[in-house]
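**Q** give me the fold of what follows.
(chains A, B, C and D)
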Number of protein chains: 2
Amino acid sequence: MPKTSARLLALLSLLQARRDWPGALLAERLEVSARTVRRDVDRLRELGYPIVTAKGPDGGYRLGAGAELPPLLFDDEQAVALAVALRTVSGGGIEEAAARALTTVRQVMPARLRHRVDALHVTTVSAGPPVDPSVLAALSAAVHAREVLRFDYAVSGSLRRAEPHHLVTRGGRWYLVAWDVDRADWRTFRVDRMTPRIPTGPRFVPRELPGGDVAAFVADRFSGKDECRGEVILDLPASVVSAYAGDGVVEELGPSRCRLVLGAWSWVGLAASIGRFDADVEVVGPEELKEAFARLARRYAAAADRPLSL
Amino acid sequence: MPKTSARLLALLSLLQARRDWPGALLAERLEVSARTVRRDVDRLRELGYPIVTAKGPDGGYRLGAGAELPPLLFDDEQAVALAVALRTVSGGGIEEAAARALTTVRQVMPARLRHRVDALHVTTVSAGPPVDPSVLAALSAAVHAREVLRFDYAVSGSLRRAEPHHLVTRGGRWYLVAWDVDRADWRTFRVDRMTPRIPTGPRFVPRELPGGDVAAFVADRFSGKDECRGEVILDLPASVVSAYAGDGVVEELGPSRCRLVLGAWSWVGLAASIGRFDADVEVVGPEELKEAFARLARRYAAAADRPLSL
DNA sequence: GGGGTAGCGGACAGGATGTGTCCGCTACTT
DNA sequence: AAGTAGCGGACACATCCTGTCCGCTACCCC
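**A** Model prediction:
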């Protein structure tokens, strides 16, 4: 039985219960010498507890904010946001820390909000590959320190250098927006494929991101400015199609027939993604989509004719 | 610095976060031997904390209910998790509330952690359609109250009834896992397509979700148990392919040639997703994939031959 | 302004405690 | 029946914690 630890816990709860505790009183309550009380207070401070002390007569110790935080006033919206955010975060590894953080703040919430938080059950299913939290931390640090990043990229297999600009998450995946030093262009790297090397390179002066806004820049990269949008009629029930149509708009045309409007980054890509449904297709338009179908028909036929290249 | 006390606090914090902690894992996290973990658990028990333990495989320690915890502090991990979570949450209109919550929490953190939070710049780019926070709140309330939900679903256009079971978010989209009363089956509804009606229906007794675990259930729905995995050789540089290959594994075979191993929920789906690359394809295997290519070739040819059905 | 009160913190010696290692036991799952 | 995991005794060693003593500083009130 660790007398010391128990005493620290006790001290913590004493300090919680009352405004000001003279050292001598604490010493008596804890049945140790005043000197030890001082040491204990020190220890708690080392652990991060904000204990303020008043000198002179009527002096004593008091637990400051951070532990006794009724001053921590959340409104309902904030409480819900906190719960949703901490329950849905998916950055690889930090889920558990987020869960702990939620319980920690939960403790200092008024009962009403606590119930509100408890009522909110949400689960996140990871959609992307897991990300190493230490990589995330390293990237974040490099962004902040404005240090050129040296890293291995799983795709190219080569060592690359980039000026890290911003961390972005989208749909469960993490990206680093950076200026590729060697290719002299902006790139978005997938964090799960990066392995930062130490030490980092020299400092750099941040460039201005085209468009200025990171969110806009990344959204652009993903949507593709020249989006190809086409319309087809599928020989499938609308319910089946919409289940897999992603961003597409589905309209029911009959028990087993529906219209699908879908976009992609290229006409061939669009045609390919329509192929997933494995159903009879009528192309409504535009002409480019029909050409893409023809093009894919040739490719697929060629692939199917060739013997397996085991 | 009382290593032991700090460790006890940390142990409490860890035990809060997760359902079950195997002793070995705790030992690793706390950087002590498993024996010491056992001792620490004992110590906490002596101090009155209800720690239950499960023996055998999948065993571990768990903090029982009703534990009155000492004021726990944020550690570095929690601070980072808080910052990441609150900055990356995307559930509709709650971003703003999350930002306010972060400011509030930030104020009660020790300076060190505050800096840590400030250094972390992250942005979220929404990947899915926006979700109405009030819908989210209504669904969450219905889940908690165990009331049958009546709602319009954009896909079918009809009024539907379901026993709401769990809210799930995945890759920027929100889903409700529910038992469809009329179709007598489990469904995952997209929240952005739901319009709940008031009043809600009668109470229901929750059914058991097949598989028990929500995360597993949803993951299953998305991945498909019978994954079809195939291998092809593409007439494209590895770097280009891997940029769009998603979960696939890419191997460089030459300056403009690479091997791709990819999975999908059906052979046709797999063939279609390979079509996106718009490159010459050699099928390595299996035979099913080649057949899927042939099948798609016919479909695409048919679609391309038909006149536009404007 | 001075006295009293209270907290601060260095030094020191002795003893209490915490730790890793080793090992055999038990309980639960498959 | 085997394997996994938690339990807990023993032991040696290092660590730390504690009480004591003491001089110092900061603050309050008279």
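
**Q** quickly run through the sheet partners of the lengthiest strand in chain A, with directions.
**A** When chain A is parsed with DSSP state E, its longest strand is strand A:159-170. Strand A:159-170 pairs in its sheet with strand A:149-153 (antiparallel), strand A:173-180 (antiparallel), strand B:122-124 (parallel), by DSSP bridges.

**Q** ok, A:Gly230 touching A:Trp267?
**A** Yes - with contact defined as Cβ atoms under 8 Å, A:Gly230 counts as touching A:Trp267 (7.4 Å). C-betas here are computed from N, CA, C, even on glycine.

**Q** distance of the residue of the stretch 151-300 of chain A found nearest chain B from A:Ser90?
**A** Per Cβ to the nearest Cβ, A:Gly171 is where the stretch 151-300 of chain A lies closest to chain B, at 3.0 Å. For A:Gly171, the distance to A:Ser90 (Cβ to Cβ, to the nearest Å) stands at 10 Å.

**Q** who has more neighbours out of these two?
**A** Ranked by neighbour count (other Cβ atoms under 10 Å in any protein chain shown), A:Gly171 and A:Ser90 place A:Ser90 first, with 25 against 17.

**Q** ok, now which ones touch the residue in chain A positioned nearest to DNA strand C?
**A** Scanning chain A for proximity to DNA strand C using Cβ to the nearest atom of the strand identifies A:Pro2 as nearest, at 2.5 Å. Residues near A:Pro2 by Cβ atoms under 8 Å, 6 or more residues apart in numbering or on different chains: B:4-5, B:8, B:43.

**Q** show me which of these is closest to DNA strand D.
**A** Set against DNA strand D, the nearest of the contacts of A:Pro2 by Cβ to the nearest atom of the strand is B:Thr4 (6.2 Å).

**Q** verify the stated contact: the closest one with A:Ala6.
**A** No - in this structure, B:Thr4 is not within contact of A:Ala6 by Cβ under 8 Å, at 10.7 Å.

**Q** these two touch, right, A:Val261 and A:Gly248?
**A** Yes - in this structure, A:Val261 is within contact of A:Gly248 by Cβ under 8 Å, at 6.2 Å.

**Q** looking at those two, which one has more neighbours?
**A** Set A:Val261 next to A:Gly248 and count neighbours by other Cβ under 10 Å: A:Gly248 wins out with 19 against 15.

**Q** which residue comes closest to that one once chain neighbours are left out?
**A** Distances taken as Cβ to Cβ, 6 or more residues apart in numbering or on different chains put A:Leu262 closest to A:Gly248, at 3.8 Å, once the chain neighbours are dropped.

**Q** the strand or helix carrying that neighbour: how far from the chain's middle?
**A** Secondary structure from DSSP states H and E places A:Leu262 in strand A:257-264. Averaging C-alpha positions (Cα atoms, centre = their mean, to the nearest Å) puts strand A:257-264 31 Å from its chain's average.

**Q** packing partners of that strand?
**A** strand A:228-234, helix A:238-244, strand A:249-254, helix A:267-275 (3 or more Cβ pairs under 8 Å, 6 or more residues apart in numbering or on different chains; DSSP states H and E).

**Q** quick one: buried residues of the shortest one?
**A** Across strand A:249-254, burial judged by 16 or more other Cβ atoms under 10 Å in any protein chain shown covers A:250, A:252.

**Q** the inter-axis angle of that strand versus strand A:228-234?
**A** Angle between the axes of strand A:249-254 and strand A:228-234 is 20 degrees (criterion: axes from the mean of the first three to the mean of the last three Cα atoms, to 10 degrees).

**Q** who does strand A:249-254 pair up with?
**A** When DSSP bridges is applied, strand A:249-254 pairs with strand A:257-264 (antiparallel).
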